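Student: Compute the structure for the input listed below.
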Amino acid sequence: MRVDDAELAGLLTRGASDLAVALAEADVSRLIAYVRLIERWNATYNLTAIRDPREMVIHHLVDCLAAAAALDRRRAGGAGERLVDVGSGAGLPGLVIAMMSPARQVTCVDSVGKKAAFITQAIGALGLKNAHAVHGRIETLVDRFDVVASRAFASIGEFVAATTHLLKESGSWMAMKGKTPQSELLALGDSFEFHVEPLRVPALAAERCIVWLHRRVEASARL
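Tutor: Numbers count the residues shown, from 1 in each chain. Okay, here's the model as predicted:
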């Protein structure tokens, strides 16, 4: 039986309220429209393993809202900043960040054509003026960004190695993870500074965190 939009909106607004994230009615409508797009495309393409739209709201929207709020706290709202979402998949977290941070320019990159096509479709359908999709491998990009983000893209070491050329000197890597990846962090060596920020995602009985990484000043001078 189809879950109606009102039930999804209730789940979303309760989750956002628990996160102290203010959502206008227009925000709720656009985020629910986004879930419906994912749901529709999932009938043909495997954008996400989650099929229940209620689970999508919690595991995708509320999870990414928690990360978007953490990003704004850490980088003061991001006015004029550029963010790239690496291995964006269905546009997560990039499109949620774009919706919640209209002053930030967001690029969503995926090497899978059908996923990049979905992101392009979603950007148009949702009327996002501050986001665009790129179909290609992250190693081939030549732009520079203030934030390089990923959500379950790869190990921390692989993520950093693949994207070092994209990060501005003052920029931050933002890796969304489940449990703190201790072994991955230990393998980084001393060229990077990191901070693990635990995230509490309402109604999600699983650990979540963001690993924030920066180049050490002395390491930056050698690059």
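
Student: make it CA atoms for all contacts and neighbour counts henceforth
Tutor: Will do.

Student: what mean pLDDT does the helix ranked longest in the chain have?
Tutor: In the chain, with assignment by DSSP state H, the single longest helix is helix 25-42. Averaging pLDDT along helix 25-42 yields 97.

Student: For that helix, which outside residues touch it?
Tutor: For helix 25-42, contacts defined as CA atoms under 8 Å, 6 or more residues apart in numbering pick out 5, 8-9, 12-13, 47-48, 51, 53, 56-57, 61, 90, 96, 99, 118, 122, 126.

Student: Out of the residues you listed, which end up buried?
Tutor: Buried by 16 or more other CA atoms under 10 Å: 5, 8-9, 12-13, 47, 53, 56-57, 61, 90, 96, 99, 118, 122, 126, out of those.

Student: Show me the contacts of helix 25-42 that map onto strands.
Tutor: Assigned to strands by DSSP state E, none of the contacts of helix 25-42 qualify.

Student: Could you list which of these belong to helices?
Tutor: D5, L8, A9, L12, T13, P53, M56, V96, M99, F118, A122, L126.

Student: Quick check: buried residues in stretch 164-174?
Tutor: Judged by neighbour count using 16+ other CA under 10 Å, the buried positions of stretch 164-174 are T164, H165, L166, L167, K168, E169, G171, S172, W173, M174.

Student: sec struct for the last one, please.
Tutor: What that stands for is M174. Under DSSP: H, G, I helix; E, B strand; the rest coil, the three-state class of M174 is strand.

Student: same check, this time on A66
Tutor: helix.

Student: Looks like it contacts R200 (just checking).
Tutor: Yes: A66 is within contact range of R200, at 7.5 Å (criterion: CA atoms under 8 Å).

Student: neighbour count winner among these two?
Tutor: When A66 and R200 are compared for neighbours, A66 comes out ahead with 23 against 17, by other CA atoms under 10 Å.

Student: coming back round to it: can you add distance to F192 and give the ones in helices among the contacts of helix 25-42 back as CSV?
Tutor: Shown next, in CSV, are these (distance: CA to CA, whole Å):
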residue, distance to F192
D5, 44
L8, 40
A9, 40
L12, 36
T13, 37
P53, 38
M56, 34
V96, 28
M99, 30
F118, 34
A122, 35
L126, 37
